[in-house]
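> 3D, please:
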Amino acid sequence: MATPPAAKYRGATVEDLDLPPALSISPSTPISTALTMAHDRDYSQLTVTSSSTRALLGYLSVPKIESLLQSSSGSAIKLSDPVSKVMNRFDRKKGNVYKVITPNTALEDLEEFLKNEEFAVVTDEGRRFVLGVATRGDLEEFTKRRPA
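Reported below is the predicted structural model:
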């Protein structure tokens with residue numbers, strides 16, 4: 001029988017995950033630099049923020065970029081290209097619901113969000129600053145560290 005989420009996390013929040021600070025890059029960062037930064041920190045995603053406003057624009061999926069670079073189809077990307085050429089942009093069209101994940105978000109809510117998403121970008125309440133990135137693996141590590 002599975003442990004109910006409320007019992008599993010016992011009131012813990014995203015802040016309790018002790019996530020490392022987010023590594024954000026600008027759209028003009030060369031792909032080669034972004035990949036080096038991600039590999040140095042063992043990150044699979046990097047957030048992409050505006051150079052001027054620091055607004056969250058999207059993210060870079062390292063496995064996707066590596067796959068594109070290795071594909072034999074003569075991919076149209078080069079290591080010298082800017083991240084803007086390959087980043088995944090967040091759709092900000094009216095009507096789309098954006099789930100805000102902050103350090104105060106309950107882990108039960110984060111777990112529910114991660115059922116449909118690969119990762120969650122953790123921001124402040126006003127979504128002005130990217131604070132971290134949370135994954136299912138972070139939740140699994142948390143439950144392993146915390147005695148039942």
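> Please pull out the lowest mean pLDDT helix or strand from the chain.
When each helix and strand of the chain is scored by mean pLDDT, DSSP states H and E, helix 5-9 comes last, with a mean of 69.
> Beyond it, next helix or strand please.
The helix or strand immediately downstream of helix 5-9 is strand 24-25, counting by DSSP states H and E.
> any residues touching that next one, and which ones?
Contacts to strand 24-25, defined as Cβ atoms under 8 Å, 6 or more residues apart in numbering, come from residues Thr33, Ala34, Met37, Leu46, Thr47, Val48, Thr49, Arg54, Leu60, Val83, Val130. All C-beta atoms are positioned from the backbone trio N, CA, C, and that covers glycine.
> From the residues you listed, list just the buried residues.
Using 16 or more other Cβ atoms under 10 Å as the burial test, those include Ala34, Met37, Leu46, Thr47, Val48, Thr49, Leu60, Val83, Val130 as buried.
> Lowest-confidence member of the contacts of strand 24-25, which is it?
When these are compared by pLDDT, Arg54 scores lowest at 78.
> Dig out what the residue positioned nearest the centre of the chain forms beta bridges with.
By Cα atoms, centre = their mean, the chain has its centre lying nearest to Val133, at 4.0 Å. For Val133, the beta-bridge partners are Val121 (DSSP bridges).
> Please enumerate the helices of this structure.
Taking DSSP state H to define them, one finds helices in the chain at 5-9, 31-41, 62-70, 107-114, 136-145.
> What residues does Thr36 make contact with?
Listed by Cβ under 8 Å, 6+ apart, the contact set of Thr36 is empty.
> hmm, back to that, I'd like to know which of the contacts of strand 24-25 are part of strands.
Counted as lying in strands by DSSP state E, out of those, are Leu46, Thr47, Val48, Thr49, Leu60, Val130.
> I appreciate the help and will end here.
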